[in-house]
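> The amino acid sequence is not available; the structure is as follows:
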Ligand SMILES: NC(=O)C1=CN([C@@H]2O[C@H](COP(=O)(O)OP(=O)(O)OC[C@H]3O[C@@H](n4cnc5c(N)ncnc54)[C@H](O)[C@@H]3O)[C@@H](O)[C@H]2O)C=CC1
Ligand SMILES: O=C(O)C(=O)Cc1ccc(O)cc1
């Protein structure tokens, strides 16, 4: 992609206000400008340092710690803080919203958005939650980049009866910055993401913790020889602690349910190893290899 590529269509929005200019907020701000989706992007962040950095990097036209100032003249507000801050931000946001505005978000869990932000949305304002399934283990405004959402999924979870025009605008926004959009019910989203994203992160946090609890001489060997699978786990386990605390606290039921099944399956493999059941192990690994190959084939198709 050329940095000077001209936008192909007129801006979809006049002014977008992004609340939280970290990895995802700053990536979205960059993308909306780069692909000409918004005429102007401003942001609000509780961190004065992140505000200053966003302006210094030229990511946004204006950055402020004052939510009211950021919302002036905005037609869309995007919540891009950790999910645990949504209730507080939603409460502050409520009185500042004007009819016709769209409120959306990028949170990794979706039922919590309806629960925590929904009650603060006045009549005539449209709450259309979304989740770009794209990210990295890094945080903050410097970590973002305009192409983060290119070729990635974005799941949009409109509540029942959502305004169709508003849904269409949020979907179009993500498509124009390169994402493929899927519409989904919030409850279903949280169950699917519990297995595809939340459980893998929990496993990575566990395995890296287990390795660091080993006696010192073994631990140094683990670090020395961590070129294999363990190294991939350390990348995931370096993900933002506050963000992931909030994901687990706000998708508690789905994560606990999937963790229960995972533990049972792990115990079955543990038994197979203990009793030398090679055929069972090989069958299992053959099935998982086919799943991986299926994913790769589907991507290439
Ligand atoms: N990191 C990732 O790979 C992905 C994250 N997400 C979601 O995106 C959201 C943001 O995550 P990141 O950008 O990774 O986090 P980040 O830590 O890089 O950025 C969060 C920003 O929000 C600001 N903030 C925190 N509380 C605030 C408050 N009460 N008011 C105003 N600003 C506040 C912080 O100062 C920071 O600048 C989360 O909800 C997360 O679940 C979604 C997809 C991928
Ligand atoms: O860095 C990785 O491998 C990720 O899995 C990024 C990520 C983190 C959280 C999300 O809700 C979506 C994507």
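Nice, I can see it. Bear in mind the structure is a predicted one, so any value in this text is a computation, not a measurement. Numbering: from 1, shown residues only. Ligands and ions are numbered 1, 2, ... in the order given.

> Could you use CA atoms for every contact and neighbour count after this?
Fine.

> Flag the helix or strand of the chain with the lowest per-element mean pLDDT.
Every helix and strand of the chain was ranked by mean pLDDT, DSSP states H and E. The lowest is helix 216-224, at a mean of 77.

> buried sites along that helix?
For helix 216-224, the neighbour count (16 or more other Cα atoms under 10 Å) marks residue 222 as buried.

> Kindly report the same for stretch 27-42.
For stretch 27-42, burial by neighbour count (16+ other Cα under 10 Å) applies to 27-38, 40-42.

> Of those residues, which is the nearest to ligand 1?
Lowest distance from ligand 1 to the buried residues of stretch 27-42 (Cα to the nearest ligand atom) belongs to residue 27, with 8.3 Å.

> quick one: which helix or strand includes the closest residue to residue 250 other than its chain neighbours?
Using Cα to Cα, 6 or more residues apart in numbering and skipping the chain neighbours, the partner closest in space to residue 250 is residue 112 (6.3 Å). In this structure, residue 112 is located in helix 111-116 according to DSSP states H and E.

> Tell me which other helices or strands the following helix or strand past that helix touches.
The element immediately downstream of helix 111-116 (helix or strand, assigned by DSSP H and E) is strand 126-127. Using 3 or more Cα pairs under 8 Å, 6 or more residues apart in numbering; DSSP states H and E as the contact test, the elements touching strand 126-127 are strand 102-105.

> Kindly report the residues of the stretch 101-250 of the chain close to ligand 1.
Contact residues (Cα under 6 Å from any ligand atom) of the stretch 101-250 of the chain with ligand 1: 106-108, 131-137, 139-140, 243.

> How about residue 139, nearest residue that isn't a chain neighbour?
Leaving aside its sequence neighbours, residue 139 sits nearest to residue 23 (Cα to Cα, 6+ apart; 4.9 Å).

> Need the three-state assignment for residue 154.
Following DSSP: H, G, I helix; E, B strand; the rest coil, residue 154 is assigned to strand.

> Wait, it touches residue 180, no?
Yes: with contact defined as Cα atoms under 8 Å, residue 154 counts as touching residue 180 (6.0 Å).

> quick one: which of the two has more around it?
residue 154 (22 against 19; other Cα atoms under 10 Å).

> which residue ranges form the helices in the stretch 51-200 of the chain?
67-71, 86-93, 111-116, 164-176, 186-193, 199-212 (DSSP state H, counting those that start in this stretch).

> For those helices, give me CSV that also has mean neighbour count and mean pLDDT.
Output for the helices of the stretch 51-200 of the chain, formatted as CSV (neighbours: other Cα atoms under 10 Å; pLDDT from 0 to 100):
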stretch, mean neighbour count, mean pLDDT
helix 67-71, 19, 98
helix 86-93, 17, 98
helix 111-116, 20, 98
helix 164-176, 18, 98
helix 186-193, 18, 98
helix 199-212, 16, 93
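
> possible to save those helices as TSV with distance to residue 239?
Formatted as TSV, those follow (distance: least, Cα to Cα, whole Å):
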stretch	distance to residue 239
helix 67-71	27
helix 86-93	20
helix 111-116	21
helix 164-176	24
helix 186-193	16
helix 199-212	8
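
> Spit out the contact partners of residue 23.
135, 138-144 (Cα atoms under 8 Å, 6 or more residues apart in numbering).

> phi, psi of it?
phi -50, psi -50 (degrees, to the nearest 10).

> Run through the residues that contact the residue most central in space within the chain.
Taking Cα atoms, centre = their mean, the centroid of the chain lies closest to residue 108, which sits 4.3 Å from it. By Cα under 8 Å, 6+ apart, the contact set of residue 108 is 83, 131, 133, 247.

> what do you get for residue 30?
By Cα under 8 Å, 6+ apart, residue 30 lies in contact with 59-60, 144-146.

> Could you point out which of the contacts of residue 23 is nearest to ligand 2?
Using Cα to the nearest ligand atom, the contacts of residue 23 come closest to ligand 2 at residue 135, 3.7 Å.

> Tell me the residues of the stretch 151-300 of the chain that contact ligand 2?
residue 197.

> Where does pLDDT dip in the stretch 151-300 of the chain?
227 (pLDDT under 70).
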